[in-house]
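J.: following is a predicted model, sequence given first.
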Amino acid sequence: MAAINMGPGWKLESSYAELPQLFFTKLTPSSVPDPALVIFNEKLAESLGLSAKTHKDYLSVFAGNIVPDGSSPLAQAYAGHQFGYFTMLGDGRAILLGEQITPSGDRYDIQLKGSGRTPYSRQGDGKATLGPMLREYIISEAMHALGIPSTRSLAVVTTGEKVARETFQPGAVLTRVAASHLRVGTFEYAAKWGDLDDLRALADYTLQRHFGVPGKNPYQYLLESVIKRQAELIAKWQASGFIHGVMNTDNMALSGETIDYGPCAFMDTYDPATVFSSIDTRGRYAYGNQPGIGGWNLARFAETLLPLLHDNEQEALEIAQDAISNYEALFQRSWLSIMRQKLGLFNEEPEDKALIDGYLNLLFKYRADYTNAFLALTFDKLHQMPFSRAPEYQEWAKVWEARRTAQQETKAESHALMRRSNPAIIPRNHRVEAALDAAVNQGDFSLLKQLNDLLSEPYAHTAEQAAFADTPNPSAQPYQTFCGT
């Protein structure tokens, strides 16, 4: 497939293709018979330097039927620990078109997801269906709006094909935008099947792409930087009630972005044991386990870097262990900072963790909705919560009020901080499913558009958003999510 000049806007480079051949296979996306644009992210497009006014001209690119100038399409190779077990992986249904250079000089991967088989597809068909692609669009854009680092969604197109899953579903391709698709699993792949030069080339590329090269040991700096970003990312997940669902090492992006929105979901009733993924039968990736799994994944990353950290194996191990030992403190610091803001606290006090834990314990005991419980505090609507008359809440509220009164900021300023920190709306599972059902099964995209619009400004606290804050009706069957493959 020849690259085509798409006119102004596209400015693609392919620096990843300059890495050793080990890390990728060059190939073109599969063409599709009848592409149609379903949804297009105009604001994201404009930030990338792509004109929203000419998005119809981009349809063939989003479908994979043509590639723009500068593109060197490829599928990335990587490995990963999936539910604790190491395996060879790779882009089984994704093609990296290249890296778009934005008007501000930033570099973002442009990837087509669902663009056909690759050498890494194993038994898969490399295709994607409309429902999961729209789901990733909704959740990833909501995460971005919430202030949680995330890959972004530029467009979803249908392909005119039917894809076999449990039933035949409409085929679709998602155009995903990311700071990069470098993963912990990419380094695991290099450590297992590459040589030292391959590993060093990958590490140098990652440093240049995301962190810069410091004066100190550059690979120690790389490890410490990745640890810090992951600690901050997972703290934001926990504070928002987000459950990734499949925290395999191949789903941990070194950029610090959330990546791969397969069986993810947001928690309603607060419970650290919450699991949504149909394949997580033992709860390895439950909400309360996410911080610990983050540390486990980072330890696997550190192991890959040992040959680069120091020529002496024991000294390399000590450097890695020292870096990993800081993860828990970095996570706690980030999480406490966010949770203080959710409670309207500006400064730090030693008793803050006990105060935060006390409120979470109330939520757990009385099976309260996580997001709405913080909104109730923000807008003085505790009467809506099941614990509002509980003696333990009254005691907790006295301590909280005393803590807020002791800080310099006024009560009004405290409430303003809480409004900025507690979203009015999250992608409620039942709301997302309703929008997807209407879009996929009825061809009605109006509910999807409405939901996306409301999620784009989660701290606006409008009346329309309040109407979307309802919790799902009780069900005998717990909500489950699926990978979509």
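T.: Yep, that arrived.
J.: OK, contacts around the residue nearest the centre of the chain?
T.: Residue closest to the average C-alpha location in the chain (Cα atoms, centre = their mean): Thr258, at 2.2 Å. Counting by Cβ atoms under 8 Å, 6 or more residues apart in numbering, Thr258 touches 140, 143, 148-151, 233, 237, 242, 244. In this view, the C-beta of every residue, glycine as well, is placed from N, C-alpha and C.
J.: how about those in a markdown table, adding neighbour count, secondary structure and distance to Leu134?
T.: A markdown table is the format used below for the contacts of Thr258 (neighbours: other Cβ atoms under 10 Å; DSSP: H, G, I helix; E, B strand; the rest coil; distance: Cβ to Cβ, whole Å):
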| residue | neighbour count | secondary structure | distance to Leu134 |
| --- | --- | --- | --- |
| Ser140 | 27 | helix | 11 |
| Met143 | 26 | helix | 15 |
| Ile148 | 19 | coil | 19 |
| Pro149 | 17 | coil | 22 |
| Ser150 | 26 | strand | 16 |
| Thr151 | 26 | coil | 15 |
| Leu233 | 22 | helix | 24 |
| Trp237 | 22 | helix | 22 |
| Phe242 | 25 | strand | 18 |
| His244 | 25 | coil | 19 |
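J.: mind putting those into CSV with pLDDT and distance to Lys162?
T.: Rendered in CSV, the data for the contacts of Thr258 read as follows (pLDDT from 0 to 100; distance: Cβ to Cβ, whole Å):
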residue, pLDDT, distance to Lys162
Ser140, 98, 25
Met143, 98, 30
Ile148, 98, 34
Pro149, 98, 35
Ser150, 98, 30
Thr151, 98, 27
Leu233, 98, 37
Trp237, 98, 35
Phe242, 98, 32
His244, 97, 30
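J.: if we can go back for a sec, who's the residue nearest to the centre of the chain bridged to?
T.: Ser150 (DSSP bridges).
J.: please apply the same query to Ile101.
T.: Beta-bridge partners of Ile101, as defined by DSSP bridges: Arg107.
J.: from Ala265, how far off is His244?
T.: Distance of His244 to Ala265, given as Cβ to Cβ, to the nearest Å: 9 Å.
J.: over to Leu207?
T.: For Leu207 relative to Ala265 (Cβ to Cβ), the value is 34 Å.
J.: how is the protein divided into domains?
T.: 3-178, 183-424+469-485, 429-467 (automatic domain parsing).
J.: hmm, back to that, closest to Pro68 out of the contacts of Thr258?
T.: Thr151 (20.0 Å; Cβ to Cβ).
J.: the closest one is in contact with Ile259, isn't it?
T.: Yes. Taking contacts as Cβ atoms under 8 Å, Thr151 lies within contact range of Ile259: 5.1 Å.
J.: intersection of neighbour lists for these two?
T.: Common neighbours of Thr151 and Ile259 (Cβ under 8 Å, 6+ apart) are 178, 253.
J.: how about the helices in the stretch 101-250 of the chain?
T.: In the stretch 101-250 of the chain, the segments counted as helices under DSSP state H, counting those that start in this stretch are 130-146, 184-193, 196-206, 218-240.
J.: angle of the first one against helix 218-240?
T.: Right, the one you point to is helix 130-146. 100 degrees (axes from the mean of the first three to the mean of the last three Cα atoms, to 10 degrees).
J.: tell me what helix 130-146 is packed against?
T.: strand 36-40, strand 152-164, strand 168-178, helix 429-442, helix 446-455 (3 or more Cβ pairs under 8 Å, 6 or more residues apart in numbering; DSSP states H and E).
J.: hmm, who's touching the helix or strand containing Met418?
T.: Using DSSP states H and E, Met418 sits within helix 411-421. Contacts with helix 411-421, where a contact means Cβ under 8 Å, 6+ apart, come from 338, 341-346, 374, 377-378, 404-405, 407, 409, 459, 461.
J.: stretch 305-324 too?
T.: Contacts of stretch 305-324 (Cβ under 8 Å, 6+ apart): 187, 191, 196, 199-200, 203, 217, 219-220, 222-224, 227, 295, 298-299, 302-303.
J.: can you pull the buried residues of it?
T.: 305-310, 316, 319-320, 323-324 (16 or more other Cβ atoms under 10 Å).
J.: same check on stretch 399-407?
T.: For stretch 399-407, the neighbour count (16+ other Cβ under 10 Å) marks 400, 403-404 as buried.
J.: contacts only, for Ala63.
T.: The contact partners of Ala63, by Cβ under 8 Å, 6+ apart, come to 31-32, 35, 157, 159, 173.
J.: filter these down to the buried ones, ChimeraX style.
T.: Per 16+ other Cβ under 10 Å, the buried members of the contacts of Ala63 correspond to this ChimeraX selection:
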select :32,35,157,159,173
